[in-house]
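Peer 1: kindly return the folded structure for what I paste below:
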Amino acid sequence: MSPIKHSLPYTVIGLLLVSLSLSGCRGGDTEPVDTGAVSVRVAEVSGGKVEEIPLRFSGIVRAAQRATLTFQVSGTLKERPVELGQMVQPGDTLARLYNPALEPARDSAAAKLQELRTQFDQAQREWERSARLHQRGVVSEQNLEQIAARRDSLRASMATAEASLSEATHLLEESVLKAPFAGQLEALLVERDEFVSAGQPVMRLSSPLGREVEIRVPAHLLSHVRVGMELPVWQIQDRNRAPETGTVIEIAQGSAIRGELHPVLVSLPPNSLASGEPVEVGITPVRESAVTVPLLAVVRDAASTSVFRVTDNIAHRVPVKIDRVIGERVMVHPGELAPGDQVVYAGMTRLVDGDTVEVR
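Peer 2: The predicted structure is shown next:
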């Protein structure tokens, strides 16, 4: 009996130590703090702009500054001191035309003007003498007026002769073809001693400073390009080469002619593609896609339908107008929600407008 009596205190002490140990562990634990946030699940609003398959349109690279040079008078091409591919500077003589009537016409106009000037000077001196005699009463008023009228008529004739001389001089100058800008001769269209009509193309000049390409697109694609828009430009002869980036600088206006293609002008980067190279320019049509939300995100009540949009962990109730149901999603009117917005689809039963949420 005595051994049992002695072992009892040790058992009680052990139980007390275990109890104190457990109570100490519970006192050291931190209980979770209730933040008041509603736990929800969210999904993205889909839709917006969708890019379709890129379309390629062919064109030929050309100089941005180019000119087809012509004479304004007819005649025989007598001089052409330039060669194909030669670089020229502004004002350089490219060709000279011979017309036997140009120089004599200029000389005749100059002689006519000189004759009229002599007659006018004489009429002016005669009027001055007559005016002095008129003051003395020697010459009548009528005679003085007749002398003045003749003088004024000669002045008008002299002005007409000056215009004729200027015209004849300019026509003679037009018989010499000069370079309007610095560039390279890319075509010589008339040979020496050939007769050239006024306005007939003689040669083509292009500047090496800029390159561009013109493509023609259907009318329905004009809404998918804008001035300043960057487009990829591929070189056809080397399809493994990375595309250059061109910039739209001109867009033709649409017309009422059915099936007509409209030009779009694309500027190319400097020193990228050579003039005459065939290229393809890419245009990617962009269409508007329907804005949809999950069916479970729509909250219905007697007055309206809405969704909860989450912004910075705050739920805001947004009224929406439903167009139709597409499978497990709902198409809503654009403008109420934007593609990429986060809307709640689980946990709405405890949610009110303005609540703080915790996204799971």
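Peer 1: which of the three states applies to the closest residue to residue 329 other than its chain neighbours?
Peer 2: In space, and not counting its chain neighbours, residue 329 is closest to residue 292: 4.2 Å by Cβ to Cβ, 6 or more residues apart in numbering. Bear in mind the C-beta positions are built from the backbone N, C-alpha and C, glycine included. Following DSSP: H, G, I helix; E, B strand; the rest coil, the label given to residue 292 is strand.
Peer 1: check what pLDDT residue 292 gets.
Peer 2: Note on residue 292: pLDDT of 85.
Peer 1: tell me the bridge partners for it.
Peer 2: residue 46, residue 331 (DSSP bridges).
Peer 1: distance check, it against residue 307.
Peer 2: Here the criterion is Cβ to Cβ, to the nearest Å. By it, residue 292 lies 11 Å from residue 307.
Peer 1: can you check residue 196 too?
Peer 2: Residue 196 is 77 Å from residue 307, by Cβ to Cβ.
Peer 1: higher neighbour count, the two?
Peer 2: The neighbour comparison of residue 196 against residue 307 (other Cβ atoms under 10 Å) goes to residue 307, with 25 against 21.
Peer 1: name the element that one belongs to?
Peer 2: For residue 307, the enclosing helix or strand under DSSP states H and E is strand 305-311.
Peer 1: got it, and residue 157?
Peer 2: Residue 157 belongs to helix 141-173, assigned by DSSP H and E.
Peer 1: which helix runs longest in this protein?
Peer 2: Across the chain, the helix with the greatest residue count (assigned by DSSP state H) is helix 102-136.
Peer 1: if you count contacts, what does that helix end up packed against?
Peer 2: helix 141-173 (3 or more Cβ pairs under 8 Å, 6 or more residues apart in numbering; DSSP states H and E).
Peer 1: and the gap between the spatially most central residue of the chain and residue 248?
Peer 2: Central residue of the chain (Cα atoms, centre = their mean): residue 227, 2.1 Å from the mean position. Distance, residue 227 to residue 248, using Cβ to Cβ: 6 Å.
Peer 1: with residue 234 instead?
Peer 2: 16 Å.
Peer 1: check residue 323 too.
Peer 2: Counting by Cβ to Cβ, the gap from residue 323 to residue 248 is 35 Å.
Peer 1: between the two, which one's more packed in?
Peer 2: Taking neighbours as other Cβ under 10 Å, residue 323 and residue 248 compare with residue 248 leading, 19 against 14.
Peer 1: just give the nearest non-adjacent residue to residue 340, would you?
Peer 2: Using Cβ to Cβ, 6+ apart, the nearest residue to residue 340 is residue 44, at 6.0 Å.
Peer 1: make that residue 70, sorry
Peer 2: residue 199 (5.2 Å).
Peer 1: what's the first helix or strand after the helix or strand residue 316 falls within?
Peer 2: Using DSSP H and E, residue 316 sits in strand 314-319. Sequence-wise, the next helix or strand downstream of strand 314-319 (DSSP H and E) is strand 322-326.
Peer 1: distance of the residue nearest to residue 329 relative to residue 330?
Peer 2: On the measure of Cβ to Cβ, residue 292 and residue 330 end up 6 Å apart.
Peer 1: so what's residue 281 up against?
Peer 2: Residues in contact with residue 281 (Cβ atoms under 8 Å, 6 or more residues apart in numbering) are 56-59, 213, 215, 231-234, 246, 264, 266.
Peer 1: out of these, which are inside strands?
Peer 2: Those of the contacts of residue 281 mapping onto strands are 56-59, 213, 215, 231-234, 246, 264, 266, per DSSP state E.
Peer 1: gap between residue 145 and residue 138?
Peer 2: Residue 145 is 15 Å from residue 138, by Cβ to Cβ.
Peer 1: try residue 87
Peer 2: Taken as Cβ to Cβ, the span from residue 87 to residue 138 is 74 Å.
Peer 1: and what of residue 334?
Peer 2: Counting by Cβ to Cβ - residue 334 and residue 138 are separated by 99 Å.
Peer 1: give me the neighbour count for the residue lying closest to residue 143 once chain neighbours are set aside.
Peer 2: Spatial nearest neighbour of residue 143, excluding adjacent residues (Cβ to Cβ, 6+ apart): residue 130 at 6.6 Å. Burial measure for residue 130: 19 neighbouring residues, criterion other Cβ under 10 Å.
Peer 1: again with residue 319
Peer 2: Around residue 319 there are 12 residues (other Cβ under 10 Å).
Peer 1: ok, it - contacts?
Peer 2: With Cβ under 8 Å, 6+ apart, residue 319 has these contacts: 304-306, 336.
Peer 1: of residue 334 and residue 138, which one has the most company?
Peer 2: Neighbour comparison, residue 334 and residue 138: the larger count goes to residue 334, with 15 against 10 (by other Cβ under 10 Å).
Peer 1: low pLDDT regions in the stretch 201-350 of the chain?
Peer 2: 254-257, 288-289 (pLDDT under 70).
Peer 1: ok so, going back, just want the angle from the helix holding residue 157 to helix 102-136.
Peer 2: 160 degrees (axes from the mean of the first three to the mean of the last three Cα atoms, to 10 degrees).
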